[in-house]
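Engineer: need a structure here:
(2 chains)
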Protein chains: 2
Amino acid sequence: MDHLYLQVADRIQAMIEKEVIRIGDKLPSVRSLSKEQGISMSTVFQAYYHLESKGYIEPRPKSGYYVKFSPRRLPEMPKICRPVKKASEVNVSEMITEVFYHMSPDDVLRFSLAAPPDELLPSARLSKSLIQAMRALPAGGVHYDNLQGFIPLRRQIARMYMQGGSPVTEDDIITTTGCMDALTLCLSAATQPGDVIALESPAYCGTFQLAQSLGLKVLEIPTNPVCGVDLEYLDKAIPKFRIKACVFVTNFNNPLGACMPDKNKQELVKLMNKYDIPLIEDDIYADTYFGKLRPSSCKQYDRNGNVLLCNSFSKSLAPGYRVGWTMPGKYKEKVLRLKLNHTVASATLPQAAIAHFLENGRYEHHMRNLRKILHTQCLRYQQAIAEYFPEDTCVTRPQGGYVLWLELNQAINTVELYEQALKRKISFAPGRIFSLQDRYNNCLRISHGNPWSKRVEDGLKTIGKLAHQMI
Amino acid sequence: MDHLYLQVADRIQAMIEKEVIRIGDKLPSVRSLSKEQGISMSTVFQAYYHLESKGYIEPRPKSGYYVKFSPRRLPEMPKICRPVKKASEVNVSEMITEVFYHMSPDDVLRFSLAAPPDELLPSARLSKSLIQAMRALPAGGVHYDNLQGFIPLRRQIARMYMQGGSPVTEDDIITTTGCMDALTLCLSAATQPGDVIALESPAYCGTFQLAQSLGLKVLEIPTNPVCGVDLEYLDKAIPKFRIKACVFVTNFNNPLGACMPDKNKQELVKLMNKYDIPLIEDDIYADTYFGKLRPSSCKQYDRNGNVLLCNSFSKSLAPGYRVGWTMPGKYKEKVLRLKLNHTVASATLPQAAIAHFLENGRYEHHMRNLRKILHTQCLRYQQAIAEYFPEDTCVTRPQGGYVLWLELNQAINTVELYEQALKRKISFAPGRIFSLQDRYNNCLRISHGNPWSKRVEDGLKTIGKLAHQMI
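Structural biologist: Next up, the predicted model:
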């Protein structure tokens, strides 16, 4: 049962969304609402604070609270891309390197990084966990870890999935050096150089680069910004293009933010079984859901071992710890062998620290907080984009994750916009780098991970203004 | 200038080696030597302790010191393998997995691991460095590290090489998740699937497995147990077999223990330049030299960027930290790109801890100790093998590193010997796994990393006895 203040807030939010009260309307004073509904004034205050943090209302000095949010101002969703004629050799532009690898200077306001900023991470408590775990380890963790990964950590990860209803044990899990390492191991295990793999379109540019370094060809699959990959198209494409593996982010994918409904996930697993090809499921954003429950993963519906799930703690706890994992299904022995060949074992201490953090119930506590903050920030960013960007800008409405995908007027080239913005010490990810085709030139990805501030608002305003000038 | 006791010890050692005094001879009493040479009794004691620790002499209760070591008892060196007719597809036997991957049970006496045991590592001081480094980092190191690697650590590594006379800067260095990761990145950067690479013979089995997972073919090069790869043969083999890269351990290689003389290293670099192919130089054992100075590496003679040096702290400080590095010469951009694709960045904290340890001068102090201990252990193990193994056993005499390579009577199959030994809870590495050819079946590798003890002596005695029974 929700807190009383949340019930009050939800009622007001519903009234705003249905436009019973509209942008600019004054809300009842705290005193009058308290009297009217027979609740304490502090409950009303809490409800208003909550709505303020979500960006629905705003206080005006010596006047009271006003509605700030209007559903009508929410922009359209971006369009779905057209299918391509053939799989592409990966020839990734220098642009990706430019955006991500030269992202060091600290004075740049970065909307380019789909990751949590330091201030949203529980660094002090994690440091404590590390020290305690180190003291408990023989020889302070200087020795090689178990090849498959630190056992207490694997146990904790298995428990996370058991809460989702799947019968997972520590034996199903292999830890890795972050999620990219998990993807590398799984893709290496499941494909041969020259194979065609299917990715979403648009897709995370790091996956293109990985495919390139493994000598793979890529077919981009049309993807809906709400429900993910077009399964009807995929069903035809697998035999036609001889697709040997799929790599999809099924929950809050990057950059679209799509979350496949359960039914689609089940359907996708059936397709994998029908053609007996593996699905490498990058589930790295699943835990950043804005709703009440963690979305399911395809892995939960996998009975044949065709799904290789990859994940990490980089979007939730500590990117710098480089702790990820995979549940590689029937590819387990192959993945283990590759891990042995390429890194021997994962670093012991970062794994032990996170295991300790989880064992002590600190993870769920932290995540509840983080999700709330991310949700609020996502709404604020959406509002600001609606306010400052050209009217015809389309924006996604993700229900989790770190990013918004924007489709701007066709006249706007976002690579040029990027260069203009960078001169003003602002960076984002231009749409072009999320495809191997010459497309998404008028799109861009904005991370809403940075806590809302005057600087952030000004940054978005600046990009919006530059976009206006380009039309 | 050496300590006085060392001078005394060196003189006695020389007399033993030249057989002026022989095995079983009684040494002068401490009092008489002190009088005779006009030195203090404590100096004589120190000299005797020193020789005892090196395995040259032994005390007998109420009697005095006796010569224990005889150069004549030192076994022959193993023979050099014959060249092969063609490069081999890598099809690594299950044996490697058996020996290394199933090595977990703690009650097995492991002569199979070429790594320092926990008790020889400075774990307490390293833990302190980690805590101090963590406190000094923004947000306790939860954020992504610099792609190229933790800058203060790269600076410290550069300093280590500068002491060797090379003009190295932090910009030449990329940190990695241990040495195998460095080798993986360098091999991936420098080769294409299907290429032929040259390895020493015998060679570290992990390198075969890595080559297999990258789709490479391997040509094994005859290798001398003292001075390394046969360069004359290599010069002909490169064009004949279209070798595209060499992967050599130039210092105290594994398993032979060979250390290439400076002249050979220079020659090898010239060969690389002549054919314009890369040398991936695995330098992981260089710092465990028994002599006075660190041996040079080929990298020092490399002016064209054809040498990609790989190394780590796994054999010196902390295998479980997984901190390695590469100096990839002209392949730097390619290696960086691969690192970005496969792991994004290395874990921050383990790098910061080791940087702190080095900055505070703790590394050299620790290594001076470790080298002394390893040297003594190496001599002890050699003595025990000479004593307990069949007369015709040949053994290497490495001047650094962790391993001895034994060539036994042709009648002995060391895979069978391994199985026999394992039943008695003793493991070692059978020779067969160090080649892709059907060779080294009568060879084995013994690690002398485990501190000398009754258990170790009994273990070697047992293997020796089993070997005797097989002839």
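
Engineer: Grab the nearest non-local neighbour of A:Glu457.
Structural biologist: In space, not counting the residues next to it along the chain, A:Glu457 is nearest to A:Ala384; the distance is 5.9 Å by CB to CB, 6 or more residues apart in numbering or on different chains. For every residue, glycine as well, the C-beta is placed using N, CA and C.

Engineer: and the nearest residue to A:His342 once chain neighbours are set aside, helix, strand or coil?
Structural biologist: For A:His342, ignoring the flanking residues on the chain, the nearest one in space by CB to CB, 6+ apart is B:Thr184 at 4.7 Å. The assignment at B:Thr184 comes out as helix when based on DSSP: H, G, I helix; E, B strand; the rest coil.

Engineer: picking up where we left off before, from what I can see the residue nearest to A:Glu457 touches A:Thr462, true?
Structural biologist: No: here A:Ala384 does not reach A:Thr462: they are 11.3 Å apart, not a contact under CB atoms under 8 Å.

Engineer: So those two - more neighbours on which side?
Structural biologist: The residue with more neighbours, out of A:Ala384 and A:Thr462, is A:Ala384; 22 against 17, by other CB atoms under 10 Å in any protein chain shown.

Engineer: So which residues of the stretch 51-200 of chain A form strands?
Structural biologist: Using DSSP state E, counting those that start in this stretch, the strands found in the stretch 51-200 of chain A span residues A:57-60, A:64-67, A:88-89, A:109-110, A:174-176, A:196-201.

Engineer: Take the first one, keep the C-alpha atoms, and write them as PDB.
Structural biologist: Taking Å, rounded to 0.1, in the frame of the first residue of the first chain, the C-alpha atoms of strand A:57-60 are listed here in PDB:
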ATOM      1  CA  ILE A  57       4.400  21.600 -10.700                       C
ATOM      2  CA  GLU A  58       6.500  24.500  -9.500                       C
ATOM      3  CA  PRO A  59       6.500  26.900  -6.500                       C
ATOM      4  CA  ARG A  60       6.400  30.600  -7.200                       C
END
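
Engineer: So what are the sheet partners of it and their directions?
Structural biologist: Strand A:57-60 has the following strand partners under DSSP bridges: strand A:64-67 (antiparallel).

Engineer: Likewise for the fifth one?
Structural biologist: Strand partners for strand A:174-176, identified by DSSP bridges, are recorded as strand A:324-327 (antiparallel).

Engineer: For the helix or strand that the strand it pairs with is followed by, what is the distance to the chain centroid?
Structural biologist: Tracing the chain past strand A:324-327, the next element assigned as helix or strand by DSSP states H and E is helix A:332-343. Using CA atoms, centre = their mean, to the nearest Å, the distance from the centre of helix A:332-343 to the centre of the chain it belongs to is 27 Å.

Engineer: And helix A:332-343, what does it pack against?
Structural biologist: Counting contacts by 3 or more CB pairs under 8 Å, 6 or more residues apart in numbering or on different chains; DSSP states H and E, the secondary-structure elements packed against helix A:332-343 are strand A:174-176, helix A:178-190, helix B:178-190, helix B:205-213.

Engineer: Which residues outside the first one are in contact with it?
Structural biologist: It refers to strand A:174-176. Where contact means CB atoms under 8 Å, 6 or more residues apart in numbering or on different chains, the residues beyond strand A:174-176 that reach it are A:148-150, A:153-154, A:182, A:185, A:310, A:312, A:323-328, A:332, A:335-336, A:339, A:346, A:351.

Engineer: Please indicate which of those are buried?
Structural biologist: Burial by neighbour count, judged by 16 or more other CB atoms under 10 Å in any protein chain shown, picks out A:148-150, A:153-154, A:182, A:185, A:310, A:312, A:323-328, A:332, A:335-336, A:339, A:346, A:351 from those.

Engineer: need the contact list for A:Leu4.
Structural biologist: The contact partners of A:Leu4, by CB under 8 Å, 6+ apart, come to A:39, A:43.

Engineer: coming back round to it: just say which of the strands of the stretch 51-200 of chain A is most tucked in.
Structural biologist: Ranked by mean neighbour count under mean count of other CB atoms under 10 Å in any protein chain shown, those are led by strand A:174-176, which reaches a mean of 27.

Engineer: the helices in the stretch 301-450 of chain A, which residues?
Structural biologist: Under the criterion DSSP state H, counting those that start in this stretch, helices of the stretch 301-450 of chain A are mapped to A:332-343, A:348-359, A:362-388, A:414-423.

Engineer: So which of those helices is the most surrounded?
Structural biologist: helix A:348-359 (a mean of 25).

Engineer: What helices and strands are in contact with it?
Structural biologist: Packed next to helix A:348-359, using 3+ CB pairs under 8 Å, 6+ apart, are helix A:123-136, helix A:151-162, helix B:348-359.

Engineer: Can you tell me what sits against it?
Structural biologist: With contact meaning CB under 8 Å, 6+ apart, helix A:348-359 is reached by A:122, A:125-126, A:129-130, A:132-134, A:136-137, A:140-145, A:149-150, A:152-153, A:155-157, A:159-160, A:175, A:313, A:317-318, A:321-323, A:363, B:130, B:320-321, B:347, B:349-350.

Engineer: go again using 6 Å as the cut-off
Structural biologist: By CB atoms under 6 Å, 6 or more residues apart in numbering or on different chains, the list of residues contacting helix A:348-359 from outside reads A:126, A:129-130, A:132-133, A:137, A:141, A:145, A:150, A:152-153, A:156, A:175, A:313, A:321, A:323, A:363, B:320, B:347.

Engineer: And stretch A:439-446, by the same measure?
Structural biologist: Residues outside stretch A:439-446 that contact it (CB under 6 Å, 6+ apart) are A:111, A:202, A:255, A:403-408, A:410, A:412-414, A:428-432, A:434.

Engineer: The closest residue to A:Gln266 other than its chain neighbours: how many residues sit nearby?
Structural biologist: Taking CB to CB, 6+ apart as the measure, A:Gln266 lies nearest to A:Tyr301, with 5.0 Å between them; neighbours along the chain are not counted. Neighbourhood size, A:Tyr301 [other CB under 10 Å]: 18.

Engineer: Please tell me how far A:Tyr301 sits from A:Val229.
Structural biologist: Applying CB to CB, to the nearest Å, the value for A:Tyr301 to A:Val229 is 15 Å.

Engineer: give me every residue that touches the residue lying closest to A:Asp438 once chain neighbours are set aside.
Structural biologist: Closest residue to A:Asp438 in three dimensions, ignoring its sequence neighbours and counting by CB to CB, 6+ apart: A:Arg432, at 7.9 Å. With contacts defined as CB under 6 Å, 6+ apart, the neighbours of A:Arg432 are A:415, A:440-441.
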